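> Sequence and predicted structure below; questions after.
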Amino acid sequence: MQISKSLKRLIYWQLGIPIALLSIGIYHGLMQTIYRAGVLQQSAFAHLDYYQGLTLHGVINAVVLTTFFAVAFGHATIAYYFKREPNKTVSWLSFWLMVVGTGLAS
């Protein structure tokens, strides 16, 4: 089945953003480990307190990554099984709402 370039671009963005954010989540997970191991003695690193980094790590890895992936997977399966693409305006609107929500949650 052929899908439009707009839907392909949307799916790529919905998969690319959480993967980029995953690197931030992994970084904060690593910093938690280094802090707990006693390598870092200060409670704040990179202008984030320990618990701010812990929260950012959890939100990005648990909520953002899974939600973006599920929505991208949903768009791909809808297009494949129904042989119809979802409404592009609503799809892009939902994408931008997820991006803004991610920024606010982070």
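Looks like it came in fine. Residues are numbered from 1 along each chain as shown.

> where in the chain is pLDDT low?
For the chain, applying pLDDT under 70 flags the ranges 1, 43-46.

> tell me, which helix in it spans the most residues?
helix 5-37 (DSSP state H).

> other SSEs contacting it?
Where contact means 3 or more C-beta pairs under 8 Å, 6 or more residues apart in numbering; DSSP states H and E, helix 5-37 is packed against helix 50-58, helix 65-81, helix 88-105. Placement of C-beta: from N, CA and C, glycine included.

> Using CSV, please lay out those together with distance to residue 41 and mean neighbour count.
Output for those, formatted as CSV (distance: least, C-beta to C-beta, whole Å; neighbours: other C-beta atoms under 10 Å):
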stretch, distance to residue 41, mean neighbour count
helix 50-58, 12, 16
helix 65-81, 31, 15
helix 88-105, 30, 13
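
> Pipe those helices into TSV and attach distance to residue 14 per row.
Compiled in TSV, the helices and strands packed on helix 5-37 are given as follows (distance: least, C-beta to C-beta, whole Å):
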stretch	distance to residue 14
helix 50-58	20
helix 65-81	4
helix 88-105	6
